[in-house]
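**Student:** coords below, sequence missing:
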């Protein structure tokens, strides 16, 4: 009953001093909104990154040429032309590699693409017919390259969504002719937007038959009599076979490249599942970091609550003295001021939640903001819990100050 009574007293005090209450709650409002928005941005970014990685398949292995360390310096992928079509044929042997479902080599380089008066310098990638299945690419208009076109090295091309828009604007490019490095090509398909990071994403690439890319377009170098490739994409049969497949691939390539036991690999195997795990860890750390930054605002808001409550105690000294004189206990005075602080923080927290959802909706309407702000129930509970905790912690001292007032001295105050 006492709690309900003092809750009514607290609400009456807040209504009586509206401006003071609003200014008091402002710190909590901003703090809660900051915590929810920053954590929402972190989680939204994490969900976006995870979705993009998962869209390529978690059972995907990518092999790139080049040792991880050459002459004491890091040699990134492509630093040496050590992967060949012969390696691809070896990996296609299902007896040696039963865990590999699909193998799709690629050879990519930058080229000049021209349509009418529009031109662009982008990556053109030579591929095989199963490349789309391995990389989870979907066609939104037209079709993908087929086996006959790959074998016959037909001068046909599939464009990424963004590249198609840059070259052809609003025009449907399927069936139209364009030039790649001054060679005529017919557009047979446009890919669905995939998203990604950096410039060399499928959205900004053109895809042609791999033999055509290696010979006509780029004059690819040979290694041990075989055309080189810039990468080999492998789809493993099941996600739980990825580690086994990686060991099988490493063994095969080391034997083919005549590497001794003390020599490091002259290729790099990139595990998509490991990337997903790493990205999740980074995203979780980012979310905690952003939440901690927002929590600082709550701390500032809590200090504001304490300051205003101390002022309130000073203003209501006579009231406190009168209540003590008619028999109110210290616990009653303590409870009254604590409840008032908690109510202020709770109301501020609720307004902060509403503000956070408003900001999330506003950010979602900004075209440059490519992911949603994700506000989850645990974030709500955390933000409101911390706001109440701030009210409890920073309301105790003013409440204790109120209990320590001498009733006689308090009644004399003006």
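**Tutor:** That came in fine, so what should we check first? Since the structure is predicted, the reported quantities are computational estimates derived from the model, not experimental observations.
**Student:** which parts of stretch 166-181 are buried?
**Tutor:** Along stretch 166-181, these residues count as buried under the neighbour rule (16 or more other Cβ atoms under 10 Å): 166-168, 173-174, 178, 180. Every residue, glycine included, has its C-beta placed from N, CA and C.
**Student:** Hmm, I typed the wrong one, I wanted stretch 128-136.
**Tutor:** 128-132, 134-135.
**Student:** Repeat that for stretch 254-265.
**Tutor:** Quick answer for stretch 254-265 (16+ other Cβ under 10 Å): 254, 256-257, 259, 265.
**Student:** how far out from the middle of the chain is that stretch?
**Tutor:** Stretch 254-265 sits 37 Å away from the centroid of its parent chain (Cα atoms, centre = their mean, to the nearest Å).
**Student:** Residue 174 falls within a helix, correct?
**Tutor:** No: using DSSP: H, G, I helix; E, B strand; the rest coil, the assignment for residue 174 is coil, not a helix.
**Student:** For it, give me the pLDDT.
**Tutor:** The per-residue pLDDT reported for residue 174 equals 94.
**Student:** leaving aside the residues next to it on the chain, what's closest to it?
**Tutor:** Of all residues not flanking residue 174 in the chain, residue 142 sits nearest, at 3.9 Å (Cβ to Cβ, 6 or more residues apart in numbering).
**Student:** if I look at that neighbour, how far off is residue 173?
**Tutor:** Relative to residue 173, residue 142 is positioned 8 Å away (criterion: Cβ to Cβ, to the nearest Å).
**Student:** Name the residues contacting each of the two.
**Tutor:** Common contact partners of residue 142 and residue 173 (Cβ atoms under 8 Å, 6 or more residues apart in numbering): 187, 190.
**Student:** Which stretches in the stretch 251-400 of the chain count as helices?
**Tutor:** Secondary structure of the stretch 251-400 of the chain (DSSP state H, counting those that start in this stretch): helices at 272-315, 317-325, 330-364, 377-403.
**Student:** How is the chain divided into domains?
**Tutor:** 2-52+279-412, 81-265 (automatic domain parsing).
**Student:** coming back round to it: show me the two of the buried residues of stretch 254-265 that sit farthest apart.
**Tutor:** 256 and 265 (11.6 Å; Cβ to Cβ).
**Student:** Now secondary structure too, for the buried residues of stretch 128-136, in a markdown table please.
**Tutor:** Shown next, in a markdown table, are the buried residues of stretch 128-136 (three-state DSSP):
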| residue | secondary structure |
| --- | --- |
| 128 | coil |
| 129 | coil |
| 130 | coil |
| 131 | helix |
| 132 | helix |
| 134 | helix |
| 135 | coil |
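**Student:** Let me know the closest of the buried residues of stretch 166-181 to residue 4.
**Tutor:** Nearest to residue 4, judged by Cβ to Cβ, of these is residue 166 at 66.4 Å.
**Student:** Check the secondary structure at that closest one for me.
**Tutor:** Quick answer, by three-state DSSP: residue 166 is helix.
**Student:** Residue 179 too?
**Tutor:** Three-state call for residue 179 (three-state DSSP): strand.
**Student:** end-to-end on stretch 94-106?
**Tutor:** 20 Å (Cα to Cα, to the nearest Å).
**Student:** what is the mean pLDDT for it?
**Tutor:** For stretch 94-106, the per-residue pLDDT averages 91.
**Student:** just how off-centre is it within its chain?
**Tutor:** 31 Å.
**Student:** and residue 226, backbone torsions?
**Tutor:** phi -120, psi 150 (degrees, to the nearest 10).
**Student:** is it true that it touches residue 82?
**Tutor:** No: applying Cβ atoms under 8 Å, one finds residue 226 not in contact with residue 82, separated by 10.9 Å.
**Student:** and the gap between residue 256 and residue 93?
**Tutor:** 11 Å.
**Student:** try residue 159
**Tutor:** 34 Å.
**Student:** Next: residue 358.
**Tutor:** 59 Å.
**Student:** ditto for residue 336
**Tutor:** 82 Å.
**Student:** So the two - more neighbours on which side?
**Tutor:** residue 336 (25 against 12; other Cβ atoms under 10 Å).
**Student:** So for residue 248, which of the helices of the stretch 251-400 of the chain sits nearest?
**Tutor:** The closest of the helices of the stretch 251-400 of the chain to residue 248 is helix 272-315. By Cβ to Cβ, the value is 16.0 Å.
**Student:** a markdown table for the buried residues of stretch 128-136, including distance to residue 15 and pLDDT?
**Tutor:** Compiled in a markdown table, the buried residues of stretch 128-136 are given as follows (distance: Cβ to Cβ, whole Å; pLDDT from 0 to 100):
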| residue | distance to residue 15 | pLDDT |
| --- | --- | --- |
| 128 | 73 | 95 |
| 129 | 73 | 93 |
| 130 | 71 | 92 |
| 131 | 68 | 94 |
| 132 | 65 | 92 |
| 134 | 66 | 89 |
| 135 | 62 | 88 |
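**Student:** Spatially, which two of the residues you listed are the most separated?
**Tutor:** 129 and 135, at 12.4 Å, using Cβ to Cβ across the buried residues of stretch 128-136.
**Student:** Just give the nearest non-adjacent residue to residue 211, would you?
**Tutor:** That would be residue 153: by Cβ to Cβ, 6+ apart, it lies 4.6 Å from residue 211.
**Student:** Now do that neighbour, the pLDDT please.
**Tutor:** On pLDDT, residue 153 comes in at 94.
**Student:** so who does the closest residue to residue 43 other than its chain neighbours touch?
**Tutor:** Nearest non-adjacent residue to residue 43, counting by Cβ to Cβ, 6+ apart: residue 374, 4.2 Å away. Contact partners of residue 374, counting by Cβ under 8 Å, 6+ apart, are 40, 43-44, 47.
**Student:** swap in residue 227?
**Tutor:** Residue 227 neighbours (Cβ under 8 Å, 6+ apart): 84-85, 107, 214-215, 220.
**Student:** Among the residues you listed, which one sits closest to residue 282?
**Tutor:** So of the contacts of residue 227, ranked by how close each gets to residue 282 (Cβ to Cβ), first place is residue 107, at 31.6 Å.
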